[in-house]
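**Student:** Build the 3D model from these lines:
(chains A and B)
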Amino acid sequence: MKTILSFQDVQYNYHSMNGETPALKDVNFDVYDGEFLSIVGPSGCGKTTLLSMAAGLLKPQSGKVQLSADLAENKHSIGYMLQHDHLFEWRTIYKNILLGLEIQHDRSSNSLEKIDTLLKKYGLYRFRNKYPSELSGGMRQRAALIRTLVLDPKLLLLDEPFSALDYQTRLSVSGDIVDIIKREQKTAILVTHDLSEAISLSDRIIVLTNRPGHVLKSLPVHLTKQGNSAVAARKSPEFSAYFNELWEDLHGNESEEI
Amino acid sequence: MGTNPKKSKEQLLYEQKYYRVQYVNKIIQISIFLLFLFLWEFSANRGILDSFFFSSPSRIGRTFCQLITVNHLLAHIWITLLETLVSFILVIGISLLLAILFWYFERLSVVFEPYLVILNSLPKSALAPLFIVWLGTGFKTIIVAGISVAIFGSIMNLYSGFHDSDQGKIRLIYTLGGNKSDVLKKVILPGSLPLIISTMKVNIGLSLVGVVIGEFLAARKGLGYLIIYGTQTFKMNMVITSLTLLCLIAVLLFLGIALLDKLICKKHHQE
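**Tutor:** I've put the predicted structure just below:
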């Protein structure tokens, strides 16, 4: 499989007047074309820092973040979805989705057509002239995804994009979003602290250790399931074995004490 | 929700009650004003208040007509209004510009903060005599006085609003490949629109304060001048009529900004 992104001996420390906090140490892993990869780990282990580096917003203090040639030459080939949808409340849904193109100064009819196609495909066309406050949490998240997809990224970085949603919505929206990502044939890296979410959505899971984070293991996920929904994945026979394994990895020391 | 064309009995009752409360509040407000006018007029006529010092509503009316024909009152009103609007527009323009500059170059804001704080807490009326010496008496001095009252607070207010803009939205712009001026154009300015309007509401009042202070000291025209002139010649009717007019101007200016607020917020769909 083709590698499109690789972290090589990456190290990162945060600095403040209270001292130095090591966030990442000797991080090594590859991301393959077309896979859905999740990164799980205890809170504060540098998951978001990893994504910021992949997006080029941060540079590693030592080591290397290597992008494949076709990703490196075009900086819009990486899309980033943040924890909240961050839709601008003073813009309509359509204008929100247009934001990326406005910044790229791209008003070509091709791109505008693409917006319409995506809006229609994912059930937001009727709502394109509404304001974000008039939409449900799930619809807002879909709008945020379309805003990212319009720029046609090859790699999508998802930073706990479902964490602001309630549990019910979260189950259906996460299935929805992954469905869209698979259909548009994107590679994706999802950062989450929800183990069930990671297992049900991903092809592979990277487990990070406590701070300073480094890769504890890379766990390929194969579920026998009917359909792509998050609920179907949770019903599959392998699900609990994966869950227990990840739980042990993350809480191993604590359970020994009990 | 408003989608149901037939309202239930309870909903109608609720709405009725809402409108009744609004209505009663309006009536109380207006009654207080009328009662105040009546008591003022009544006690002035009965000699309980000395109308030489305290005037009365009917005397204010008569003085108003007199001033219009004899003293070119309309010209005085116009000049005060003009000076206030010019100071206000300059205050908004300058403070927006400086706040943007401070936001863009954060070091500027850190370095200049103590100076701004000191200038802001300085009583501006104490500066007015200085302006007279530097700029002479007249339009320029009064505009500067009007600006000086509002400008420093306005810069600080706008800058801190820009500074506290939603970090997530700023990050979003960068993830979409934008730079700092994209952040300014797409997030900071549109997101701060409610703040800019509320700053305008405060500044329009402060500009009027500054202009009147200026007119007290350095004018031959304007309502501030009429007040000072009236006091010195013991024409209390003139003083109180001018005060009443200042009240009206303040209300009108505020309503003007409130109208602007409504128009813009409607367009931008912000509460």
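**Student:** quick one: buried residues of the strand or helix carrying residue A:180?
**Tutor:** Per DSSP states H and E, residue A:180 falls inside helix A:167-183. Residues of helix A:167-183 classed as buried by neighbour count (16 or more other Cβ atoms under 10 Å in any protein chain shown): A:169, A:170, A:171, A:173, A:174, A:175, A:176, A:177, A:178, A:180, A:181. Bear in mind the C-beta positions are built from the backbone N, C-alpha and C, glycine included.
**Student:** Can you tell me what sits against the first helix or strand past that helix going along the chain?
**Tutor:** Beyond helix A:167-183 on the C-terminal side, the first helix or strand identified by DSSP H and E is strand A:187-191. The list of residues contacting strand A:187-191 from outside it, by Cβ atoms under 8 Å, 6 or more residues apart in numbering or on different chains, reads A:4-5, A:31-39, A:47-48, A:50-51, A:54, A:154-161, A:178, A:181, A:197-198, A:201-202.
**Student:** host element of the residue of chain A found nearest chain B?
**Tutor:** As assessed by Cβ to the nearest Cβ, chain B sits closest to residue A:80 within chain A, at 3.6 Å. Applying DSSP H and E as the criterion places residue A:80 in strand A:78-81.
**Student:** Show me what that strand is packed up against.
**Tutor:** helix A:137-149, strand A:155-159 (3 or more Cβ pairs under 8 Å, 6 or more residues apart in numbering or on different chains; DSSP states H and E).
**Student:** Run the angle between the longest one and helix A:167-183 for me.
**Tutor:** Yep, that's helix A:137-149 we're talking about. Angle, helix A:137-149 to helix A:167-183, by axes from the mean of the first three to the mean of the last three Cα atoms, to 10 degrees: 30 degrees.
**Student:** where does the stretch 151-271 of chain B come near chain A, residue by residue?
**Tutor:** B:166, B:168-169, B:171-178, B:182, B:186-187, B:190-191, B:193, B:268-270 (Cβ under 8 Å from any Cβ of the partner chain).
**Student:** what about stretch B:176-183, distance to the chain center?
**Tutor:** 35 Å (Cα atoms, centre = their mean, to the nearest Å).
**Student:** Mind giving me the PyMOL command for buried ones among the contacts of strand A:187-191?
**Tutor:** Remark: buried members of the contacts of strand A:187-191, expressed as a PyMOL selection using 16+ other Cβ under 10 Å:
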select buried, chain A and resi 4+5+31+33+35+36+37+38+39+47+48+50+51+54+154+155+156+157+158+159+160+161+178+181+197+198+201+202
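**Student:** circling back to that earlier point, so the residue nearest to the residue of chain A closest to chain B when sequence neighbours are not counted versus residue A:99, what's the distance?
**Tutor:** Of all residues not flanking residue A:80 in the chain, residue B:175 sits nearest, at 3.6 Å (Cβ to Cβ, 6 or more residues apart in numbering or on different chains). Distance, residue B:175 to residue A:99, by Cβ to Cβ, to the nearest Å: 11 Å.
**Student:** all strands of chain A, in order?
**Tutor:** In chain A, the segments counted as strands under DSSP state E are A:3-16, A:19-32, A:36-40, A:62-67, A:78-81, A:155-159, A:187-191, A:204-208, A:215-220.
**Student:** Residue ranges in chain A under the pLDDT threshold?
**Tutor:** Within chain A, the stretches with pLDDT under 70 are A:75, A:226-229, A:252-258.
**Student:** need the residues of it near chain B, please.
**Tutor:** Residues of chain A found near chain B (Cβ under 8 Å from any Cβ) are A:55, A:57, A:75-76, A:79-80, A:82-84, A:86, A:88-90, A:99-100, A:102-104, A:131, A:133, A:147, A:151.
**Student:** Next one, pLDDT for residue B:115 please.
**Tutor:** Residue B:115 is assigned 93 on the pLDDT scale.
**Student:** ok, residue B:231 - how many residues close by?
**Tutor:** Residue B:231 is flanked by 13 other residues according to other Cβ atoms under 10 Å in any protein chain shown.
**Student:** if I've got this straight, it is in a helix?
**Tutor:** Yes. Assignment of residue B:231 by DSSP: H, G, I helix; E, B strand; the rest coil places it within a helix.
**Student:** For residue B:76, which residues are in contact?
**Tutor:** Applying Cβ under 8 Å, 6+ apart, the residues contacting residue B:76 are B:221, B:222, B:223, B:225, B:226, B:242.
**Student:** That one and residue B:132: what is the separation?
**Tutor:** Going from residue B:76 to residue B:132 by Cβ to Cβ gives 20 Å.
**Student:** quick one on the thing from earlier: please flag which of the residues of the stretch 151-271 of chain B next to chain A sit within helices.
**Tutor:** The helices, defined by DSSP state H, take in B:168, B:169, B:171, B:172, B:173, B:174, B:175, B:182, B:190, B:191, B:193, B:268 from those.
**Student:** Neighbours of the residue of chain B found nearest chain A, how many?
**Tutor:** For chain B and chain A, the shortest gap (Cβ to the nearest Cβ) falls at residue B:175, measuring 3.6 Å. Applying other Cβ under 10 Å, we find 24 residues neighbouring residue B:175.
**Student:** ok, now residue B:159?
**Tutor:** By other Cβ under 10 Å, neighbour count at residue B:159 equals 23.
**Student:** and it, what does it touch?
**Tutor:** With contacts defined as Cβ under 8 Å, 6+ apart, residue B:159 is in contact with B:98, B:99, B:102, B:103, B:109.
**Student:** hang on, the earlier thing: thinking the residue of chain B closest to chain A is in contact with residue A:82, fair?
**Tutor:** Yes. Residue B:175 is within contact range of residue A:82, at 7.2 Å (criterion: Cβ atoms under 8 Å).
**Student:** Enumerate every residue touching residue A:122.
**Tutor:** A:142, A:145, A:146, A:180.
**Student:** For stretch A:95-110, which outside residues touch it?
**Tutor:** Stretch A:95-110 is contacted from outside by A:76, A:87-88, A:91, A:111-112, A:115, A:118-119, A:128, A:132, A:143, A:146-148, A:150-151, B:173, B:176-178, B:182, B:186, using Cβ under 8 Å, 6+ apart.
**Student:** on that earlier part again, now, of the ones in helices among the residues of the stretch 151-271 of chain B next to chain A, which are buried?
**Tutor:** B:169, B:171, B:172, B:173, B:174, B:175, B:182, B:190, B:191, B:193, B:268.
**Student:** Quick check: phi and psi on residue B:55?
**Tutor:** phi 50, psi -160 (degrees, to the nearest 10).
**Student:** Can you tell me, leaving aside adjacent residues, what's nearest to it?
**Tutor:** Excluding its sequence neighbours, the residue lying closest to residue B:55 (Cβ to Cβ, 6+ apart) is residue B:240, at 4.3 Å.
**Student:** Residue B:151 against residue B:94, yeah?
**Tutor:** Yes. Counting by Cβ under 8 Å, residue B:94 is a contact partner of residue B:151 at 6.3 Å.
**Student:** about what we covered before: closest to residue B:211 out of the buried residues of helix A:167-183?
**Tutor:** Lowest distance from residue B:211 to the buried residues of helix A:167-183 (Cβ to Cβ) belongs to residue A:169, with 55.2 Å.
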